[in-house]
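Trainee: following is a predicted model, sequence given first.
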Amino acid sequence: MRSTTLLRSALAVVSLLAVVALGSAVWFGYGWAHALFVDKPTAAARDDALTGARQAAINLNTVDSADLDETFARMESSITGDEMVKSLNDTRAQMAEQVQQTGATSEAQIIDAALTDFSRDEGSATALVVLSTTTTWPDQDPRKVKVTMRIGLTEVDGDWKASQVANVGAPLAMDAGTAATAGGSPAAGAPENPAATPAPAPDAGTGGQ
């Protein structure tokens, strides 16, 4: 009788341990699967969106007066949506004429960038990008300013492109020779960002008009 009772107790303990072990296996298995199939792809998509924002900011603020065809091709590669495309097309001729007359060249470099909103399911994101732009002319000293941009992003066939662009505040001078004008306008003779006007984010501060 005593041996039967001990055997039953031992079986009960073994059964309980088996249930606990099974529960742990299911929990950790779910966690592993979630990390593999959900968390990892989402993190990769966020990285891709941020990369797209950085590239768009560079392409929209870099002008090579010696190769305007390539300049506009880079801009086109980083934008999407009717408003962005229309804005670029509407300003293309004026910008090309301005650059050809002044010989101005603008180069952009990223200082910092971060996503402020992201939806993998909707294929949309918003980023704040801080960059420096250095504008040079044949007979003038270079002028360097810091620009902050809010960029709305849309995923297009796996690539993240700018669908909304707005400057946040006015450009800030980064050297003594830079005279950034009031209201966020570029220095005289500098090529303007052709995509800073359309469809600013709803909470944008100062639009890049």
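Mentor: Sure thing, it's come through. Numbering: from 1, shown residues only.
Trainee: which parts of the longest strand that the chain contains are buried?
Mentor: Assignment by DSSP state E gives strand 140-156 as the longest strand of the chain. Of the residues in strand 140-156, 143-155 count as buried by neighbour count, 16 or more other C-beta atoms under 10 Å. Bear in mind the C-beta positions are built from the backbone N, C-alpha and C, glycine included.
Trainee: same deal with stretch 105-119?
Mentor: 105, 106, 107, 108, 113, 115, 118.
Trainee: could I get the residues you listed as TSV with pLDDT?
Mentor: Listed next are the buried residues of stretch 105-119 as TSV, based on pLDDT from 0 to 100:
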residue	pLDDT
105	92
106	94
107	95
108	96
113	98
115	97
118	96
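Trainee: and those, which of them are in strands?
Mentor: 105, 106, 107, 108, 113, 115, 118.
Trainee: which residues touch the last one?
Mentor: By C-beta atoms under 8 Å, 6 or more residues apart in numbering, the residues touching residue 118 are 45, 46, 49, 124, 125, 126.
Trainee: distance check, the closest residue to the last one other than its chain neighbours against residue 56.
Mentor: Right, the one you point to is residue 126. Sequence neighbours aside, residue 117 is the residue nearest to residue 126 in space, at 4.1 Å (criterion: C-beta to C-beta, 6 or more residues apart in numbering). Residue 117 sits 16 Å away from residue 56, going by C-beta to C-beta, to the nearest Å.
Trainee: what residues of stretch 74-81 count as buried?
Mentor: 74, 75, 76, 78, 79, 80, 81.
Trainee: actually stretch 46-66, not the one I wrote
Mentor: Buried residues in stretch 46-66 (16+ other C-beta under 10 Å): 48-50, 52-63, 65.
Trainee: nearest to residue 130, out of those residues: which one, please.
Mentor: residue 57 (8.9 Å; C-beta to C-beta).
Trainee: could you say which helix or strand holds residue 71?
Mentor: helix 68-77 (DSSP states H and E).
Trainee: may I have whichever strand or helix holds residue 98 as PDB, with CA atoms only?
Mentor: Assessed by DSSP H and E, residue 98 sits inside helix 82-102. Taking Å, rounded to 0.1, in the frame of the first residue of the first chain, the C-alpha atoms of helix 82-102 are listed here in PDB:
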ATOM      1  CA  ASP A  82       2.200  63.100 -57.600                       C
ATOM      2  CA  GLU A  83       2.900  66.200 -55.500                       C
ATOM      3  CA  MET A  84       6.700  65.500 -55.100                       C
ATOM      4  CA  VAL A  85       7.100  64.600 -58.800                       C
ATOM      5  CA  LYS A  86       5.100  67.700 -59.800                       C
ATOM      6  CA  SER A  87       7.200  70.000 -57.600                       C
ATOM      7  CA  LEU A  88      10.400  68.700 -59.100                       C
ATOM      8  CA  ASN A  89       9.100  69.100 -62.600                       C
ATOM      9  CA  ASP A  90       7.800  72.600 -61.900                       C
ATOM     10  CA  THR A  91      11.100  73.800 -60.600                       C
ATOM     11  CA  ARG A  92      13.500  71.800 -62.800                       C
ATOM     12  CA  ALA A  93      13.900  74.500 -65.500                       C
ATOM     13  CA  GLN A  94      14.300  77.400 -63.100                       C
ATOM     14  CA  MET A  95      16.800  75.500 -61.000                       C
ATOM     15  CA  ALA A  96      18.800  74.400 -64.000                       C
ATOM     16  CA  GLU A  97      18.900  78.000 -65.300                       C
ATOM     17  CA  GLN A  98      19.900  79.300 -61.800                       C
ATOM     18  CA  VAL A  99      22.700  76.800 -61.500                       C
ATOM     19  CA  GLN A 100      24.000  77.400 -65.000                       C
ATOM     20  CA  GLN A 101      24.100  81.100 -64.500                       C
ATOM     21  CA  THR A 102      25.800  81.100 -61.100                       C
END
